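**Q** Sequence plus predicted model, see below.
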Amino acid sequence: MRAVLLALCAASPALADPQVPVFADETATAGFSTVYEGEWEYMVGGGVATFDCSGDGMPEVFLSGGTGPSALYLNLSRVGGALAFENTGAISLDAVVGAYPLDIDSDGVMDLVVLRVGEDRLLRGLGDCRFEDANAAWGFDGGDAWSTAFAATWERDRTFPTLAIGTYIDRKEEAFPWGSCTDNQLHRPDGDMFAAPIPLTPSFCALSMLFTDWNNSGQPSLRVSNDREYYKGGQEQLWHLDPGAAPRLYTDKDDGWKRLRIWGMGIAAADITMDGFQDYFLTSMADNKFQILKDPSLGKPDFADLAFKTGITAHRPYTGGDEHPSTAWHAQFADVNNDGRLDLFIAKGNVAKMPDFAGKDPNNLLLQAEDGTFTEAGDRAGVASLATGRGAQVVDLNLDGALDLVVVNRWTGAEVWRQTEAASGNWVQLRLQQDGANRDAIGSVIEVRRGDKTERHEIASGGGHVSGSLGWLHFGLGPADAAEVRVIWPDGRVGDWQTLPAASFQILRPGASAEAWTPG
Amino acid sequence: MNLRRRTLLALPLLGLARPVWAADRADVSREVLLTWHKLVLELVRHTATYTPPVAARAFAYVGITAHEALASGNPALISLAGQVTDLAALPARADGAHDDPCVLHAALQAAVAEMFHNTGPTGQRAMEAMGRKLGETASAGIDSAVVDRSIAHGKAVADHILGWSRVDGGAVIDNMGFPMEHTPGTRPQDWVPTNLIRLQQAPLLPGWAQNRPFAMPSADAADPGPHPEFDEAPGSAFHAAALEVYQTGRALTDEQKLIARFWSDDPMLTFTPAGHWIAIVLQIAERDALPVEVISSTLARLGVAQADAFISCWATKFRYNLLRPVTFIKRHIDKAWEPLLITPPFPEYTSGHSTQSGAASTVLTAIFGEGFAFDDSTHVDEGLPVRSFPSFAAAAEEAAISRLYGGIHFRFGNAKGLDQGRAVGAHAAALRTAS
């Protein structure tokens, strides 16, 4: 086991507690009115997507509505000001479970992948937050499944992305739905179109997917988190996706993949241990999992679970008076207090009205301390909502350098919190841009120096719980007045280390110096 | 003569001389009984509180409900009232004709709804769909007054049994069966948690032995006696038992690994050990086209045997509070050792699967006879092959030794568990369900 494990688990009683950020609940005034509605077919989802479609750099918010209409909200917030959004009336679709932004055709205008109960939709951005259905134009077979997970990558030398769409139960099965997981689909490109989808068989009711380079091989694999409630003979999955080859499962026999069976609902990835490899937080019911590679030198996807030792099992409510086990959905690592250490947000909520699980299940905001352990601060930060949470995004909605929070709830309106008191630490926000295909450089890596360590940050499209963002990438810096960063681009080019001033927005391009950008 | 057939001929000749119409209705009853039990197996797997002891309890009540629903209209059947603890005489059928499939369906629908009231939205949806579809099947072509009368009686039977069930001590499961607080033992042989799951830092259902038994007179009626004296010294009997687990685990054959996984029967991922034996009976029922009365009485007695087995076993587990092999081996033999199977979160002695398999095999042998061969396809959906057994006893012995292969029990815990289960099962085998 790596030395880092020992360091993580060492008691450090003298360390200062992390600074607790202060959030204001601006749900009532921010302008959101969308509710994630629906019964059985909407017991998972809904998601939220944030991205800029108006061209001002501020993230818009797209909310799933389930049986109700989805909605795209224009961000009218002022920098550092109260959150203000206006329903554009665009993308009013029914049966929407979740969504992810992605510039599919690399035209510099953000597109949107919409996951639905029924046909999935690829919406091509036309500018000014207008969209059109592009399924036919792009040859995309949206199927007729219950879509519940998504991930995208650009395979080498491809102009179009490869999309993985995870699906759930065969919704036509009434009395014996268990074991009826429908096939996940891999949509590989054929020029500037999508080829017929490839079924990712076996499929085990995926609720989260993520392309991730778990072993730093330069070749991402597809991680799939599956809901054990519905599969038979299933487990968590990792797929090889070698260029030009059919997708192939990692196995215990051939690859050292270790079987894990959980109520998998969301994946969050980050280099928490700062060893240069991605660590994975997997949401579930009761205890959640936090996986780090046992020994990267072996090249085997054999992970240790450090949730218990780092204090992020998040297995039951910490406030609200309900002591039943929790149900966790969207998870996301982000530095909410700008202290230079990634924290963890988890959206929580009962599946429906399951009496053995918490009905009042507060969202978690777990702050990372210097010793690598985490401390619950959701209640002190003001984000411990007892609504039935699902998808979420931790994102700077008003571009003031302090991360804000939007959460989709089942049966009640989405909630939004603005961070209102500046944290003591510094920050920098980055965007990657490259010419040609894959303009947002999905699959690249941003490395950030943290003292004598380097944090490796994968730029991904996918993961979480049916929720995603594309836009400014936020990095807390603590007391540092500058960030040292470099980019490893998707084609393998390694950029120079650059020193970027704190409290700034920077656009990074291959072979070029950073370009400062100012909001407003 | 084929042992299967010979044994079946020895079963009570229930239903074999029915008129054609009655035989058709018996087929519908059979469909109702088997289909509800298939759903119950899935609900056990997919309801978070259904750990093995809880599942066994539910199988007992559902089985008894089915048997009593049929017994109330069949003088050849004998009620379990007065035979199992505290079950009073069941309501008699009202005047007028009744239809057995409708009685049975109504009784099972009500019983399953209460037993699995806490299942998730998909289970609720499945129960609703099953109630609707089987209700239509049962009542098709039957006079509506008869249907109404039959449904009322079926519900009355279920209400009676459910009322009896609510006061047995096992009706309410909090925190998925794990106490919120736990004070660990201080002796070196005491059980300690074996995983890093927060919820499982306390043992599962420490008070389960306080539940009312069904057919055995008390929780300690089949006390297996103590385990070998705890001794950490190499060469001691206890150390040797741990060393056997360790050495077995390091040299497992593919067949032994398969056996371990076949009988792993993990809660939340399978039907549990008790459900495995229920699934075996359902397979035999289909293979041999058993009459509905035979199936229902078998399920009732099997459920009773297994429920009692867990009460008995849990009394032993928390009397001795013995650590698991993985704890001993990591402390004294090899700190890096890991068992093949996930170690269950409660004390070792005696083996629960061994105990309830011993009980199940005893009651099934009493019903079907010695040397009754069967194939077991319970885990085909999970990708495991069909296994064939020459007898129920052989299956139980394999279930017991599987825990050694899996690295989660000492050999003595399995052997004593089997003995304990056989003694428990004898009480269920003595129940009379047909004249």
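**A** Structure's in. What do you need?
**Q** Tell me the spacing between the residue nearest to B:Pro52 when sequence neighbours are not counted and B:Ala202.
**A** The spatially closest residue to B:Pro52, leaving aside those adjacent along the chain, is B:Thr272, at 4.5 Å (C-beta to C-beta, 6 or more residues apart in numbering or on different chains). No exception for glycine: its C-beta is placed from N, CA and C like everyone else's. The span separating B:Thr272 from B:Ala202 equals 20 Å under the rule C-beta to C-beta, to the nearest Å.
**Q** quick one: which of these two has more around it?
**A** Shown here are B:Thr272 and B:Ala202; by other C-beta atoms under 10 Å in any protein chain shown, B:Thr272 has more neighbours (29 against 20).
**Q** What about the residue lying closest to B:Val281 once chain neighbours are set aside, how many residues nearby?
**A** Leaving aside its sequence neighbours, B:Val281 sits nearest to B:Thr298 (C-beta to C-beta, 6+ apart; 5.7 Å). Applying other C-beta under 10 Å, we find 25 residues neighbouring B:Thr298.
**Q** Check which residues of the helix or strand where B:Thr298 lies are buried.
**A** Here B:Thr298 sits within helix B:292-320, counting by DSSP states H and E. Applying a neighbour-count criterion of 16 or more other C-beta atoms under 10 Å in any protein chain shown, one finds B:292-318, B:320 buried in helix B:292-320.
**Q** by contact count, what packs against that helix?
**A** Helix B:292-320 sits against helix B:20-46, helix B:52-71, helix B:272-287, helix B:352-368, helix B:411-429, with contacts defined as 3 or more C-beta pairs under 8 Å, 6 or more residues apart in numbering or on different chains; DSSP states H and E.
**Q** Just the mean pLDDT for the first one, thanks.
**A** Per-region confidence: helix B:20-46 scores 92 on mean pLDDT.
**Q** same question, stretch A:177-189
**A** For stretch A:177-189, the per-residue pLDDT values average out at 97.
**Q** How about that stretch and chain B, touching?
**A** Yes: judged by C-beta under 8 Å from any C-beta of the partner chain, stretch A:177-189 comes into contact with chain B at A:Pro177, A:Trp178, A:Gly179.
**Q** Doesn't the first one belong to a helix?
**A** No: A:Pro177: not assigned to a helix; according to DSSP: H, G, I helix; E, B strand; the rest coil it is coil.
**Q** check contacts around it.
**A** Neighbouring residues of A:Pro177 by C-beta atoms under 8 Å, 6 or more residues apart in numbering or on different chains: A:Ile169, A:Asp170, A:Arg171, A:Tyr230, B:Thr122, B:Arg125, B:Ala126.
**Q** Can you report how many residues neighbour the closest residue to the third one other than its chain neighbours?
**A** Right, A:Arg171. Spatial nearest neighbour of A:Arg171, excluding adjacent residues (C-beta to C-beta, 6+ apart): A:Trp146 at 5.3 Å. Residues lying near A:Trp146 (other C-beta under 10 Å) number 24.
**Q** The one helix or strand A:Trp146 maps to - which strands sit beside it in the sheet, and in what orientation?
**A** A:Trp146 is part of strand A:145-153 when elements are defined by DSSP H and E. According to DSSP bridges, strand A:145-153 forms sheet pairs with strand A:111-118 (antiparallel), strand A:162-167 (antiparallel), strand A:461-462 (antiparallel).
**Q** avg pLDDT for that strand?
**A** 98.
**Q** next one: stretch A:381-398
**A** Here stretch A:381-398 scores 98 as its mean pLDDT.
**Q** anything in that stretch near chain B?
**A** No: shown here: stretch A:381-398 not in contact with chain B (C-beta under 8 Å from any C-beta), separated by at least 12.4 Å.
**Q** Any regions of chain A where pLDDT drops low?
**A** A:1-15 (pLDDT under 70).
**Q** Chain B contacts on that one?
**A** A:39-40, A:43, A:169, A:174-179, A:228-230, A:232-233, A:261, A:285-287, A:305, A:307-309, A:313, A:315-316, A:323-325, A:351-357.
**Q** Taking these, please make a ChimeraX selection of just the buried ones.
**A** Here is the ChimeraX command that picks out the buried ones among those, judged by 16+ other C-beta under 10 Å:
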select /A:43,169,175,177,178,179,228,229,230,232,261,285,286,287,305,307,308,309,313,315,316,324,325,351,352,354,356,357
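**Q** Inside strands: which ones of the residues of chain A next to chain B?
**A** A:Asp305 (DSSP state E).
**Q** Return the residues in contact with the residue nearest to B:Val363 when sequence neighbours are not counted.
**A** Among residues not flanking B:Val363 along the chain, B:Ala305 sits closest, at 4.3 Å (C-beta to C-beta, 6+ apart). By C-beta under 8 Å, 6+ apart, the contact set of B:Ala305 is B:Ala215, B:Gln356, B:Ala359, B:Ala360, B:Thr362, B:Val363, B:Val424, B:Gly425, B:His427, B:Ala428, B:Ala429.
**Q** Can you tell me how far the third one is from chain A?
**A** When C-beta to the nearest C-beta, to the nearest Å is the yardstick, B:Ala359 and chain A sit 27 Å from each other.
**Q** now do the second one
**A** Using C-beta to the nearest C-beta, B:Gln356 is found at 23 Å from chain A.
**Q** Flag every residue of the stretch 1-150 of chain B that's near chain A.
**A** In this structure, the stretch 1-150 of chain B approaches chain A at residues B:38-39, B:42, B:45-49, B:117-122, B:125-126, B:129-130, B:133, judged by C-beta under 8 Å from any C-beta.
**Q** Mind giving me the PyMOL select for the residues you listed, buried ones only?
**A** Filtering the residues of the stretch 1-150 of chain B next to chain A down to the buried ones (16+ other C-beta under 10 Å) takes a single PyMOL command:
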select buried, chain B and resi 38+39+42+45+46+47+48+49+118+119+120+122+125+126+129+130
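**Q** So which residue is dead centre in the chain?
**A** The chain I'm using is chain A. Residue closest to the average C-alpha location in chain A (C-alpha atoms, centre = their mean): A:Gly464, at 3.6 Å.
**Q** that's the wrong chain, I wanted chain B
**A** In chain B, the C-alpha nearest the mean C-alpha coordinate belongs to B:Ala274, at 2.6 Å (C-alpha atoms, centre = their mean).
**Q** so it makes contact with B:Ala56?
**A** Yes: contact status for B:Ala274 versus B:Ala56: in contact at 3.9 Å, counting by C-beta atoms under 8 Å.
**Q** what do those two both touch?
**A** Contacts common to B:Ala274 and B:Ala56, judged by C-beta under 8 Å, 6+ apart, are B:Gly303, B:Gln306, B:Ala307, B:Phe310, B:Gln356.
**Q** Tell me the one of these nearest chain A?
**A** Distances from chain A to the shared contacts of B:Ala274 and B:Ala56, taken as C-beta to the nearest C-beta, are shortest for B:Phe310 (19.5 Å).
**Q** quick one: the closest one and B:Phe214 touch, right?
**A** No: contact criterion C-beta under 8 Å: B:Phe310 and B:Phe214 do not qualify, at 10.7 Å.
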